[in-house]
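**Student:** Pasted the sequence and its predicted model underneath.
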Amino acid sequence: MNDKAIAHATLTGHAPILLVSDVVAAANHYRDTLGFTYDRFWGDPPGFCILVRDKLHLMLKQAPDDHTIVPHWQVCESLWDVYFWVDDVEALYQEFKDAGAKIDYDLCEQPWGCREFGIQDLDAHDIAFGQSIDDT
């Protein structure tokens, strides 16, 4: 057995990836309705975009024209495609409502100890935003 310490790498971020039917329209929707930003698109025509809000990333990839996008809730009832933890779920809920986001389900308390709500994007992906009830 080797007595040397094993190096441990630290995860420093993550970026869920969503397939979308129109990467430009989807990126603009996330920017205009959900407060994300982006610097650029990759590809010609555009096929990929990295969004960011509050140092959290979300990637969008243009699906092939003949591909059917299947959000998770269409496979497993009530399953999100992305879940974000937030520090003020009520303020975020109001921000998204005021911006015209499609609210999938209103603020509610869940049995797993979260107060949360969900939205749907242009491709019917469910994106949830939750805060631990202990933190509210």
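**Tutor:** All right, it came through fine.
**Student:** Next one: G100 from I119, what distance?
**Tutor:** Using C-beta to C-beta, to the nearest Å, G100 is found at 10 Å from I119. The way it works is simple: take the backbone N, C-alpha and C, and place the C-beta from them, glycine included.
**Student:** who's more crowded, those two?
**Tutor:** I119 (19 against 10; other C-beta atoms under 10 Å).
**Student:** quick one, phi psi at the residue positioned nearest the centre of the chain?
**Tutor:** Central residue of the chain (C-alpha atoms, centre = their mean): V82, 4.4 Å from the mean position. Main-chain torsions, V82, degrees, to the nearest 10: phi -150, psi 140.
**Student:** Next one: it from P16, what distance?
**Tutor:** Taking C-beta to C-beta, one finds V82 at 5 Å from P16.
**Student:** Give the intersection of the neighbour lists for the two.
**Tutor:** Counting by C-beta atoms under 8 Å, 6 or more residues apart in numbering, the contacts common to V82 and P16 are L58.
**Student:** What residue, apart from its backbone neighbours, is nearest D81 spatially?
**Tutor:** H125 (4.1 Å; C-beta to C-beta, 6 or more residues apart in numbering).
**Student:** Give me the pLDDT value at the one you found.
**Tutor:** On the pLDDT scale, H125 is placed at 97.
**Student:** who does whichever helix in the chain runs longest touch, helix- and strand-wise?
**Tutor:** Scanning the chain for the longest helix, with DSSP state H as the assignment, gives helix 23-34. Packed against helix 23-34 by the contact rule (3 or more C-beta pairs under 8 Å, 6 or more residues apart in numbering; DSSP states H and E) you find strand 41-42, strand 48-53, strand 56-62.
**Student:** which other residues reach it?
**Tutor:** Contacts of helix 23-34 (C-beta under 8 Å, 6+ apart): 18, 20, 36-38, 41, 46-49, 51, 53, 58, 60-62, 96, 99-101, 119, 121-123, 127.
**Student:** mind checking how far it is from the chain centre?
**Tutor:** On the basis of C-alpha atoms, centre = their mean, to the nearest Å, helix 23-34 sits 12 Å off its chain's mean C-alpha point.
**Student:** Please consider this matter closed, and thank you.
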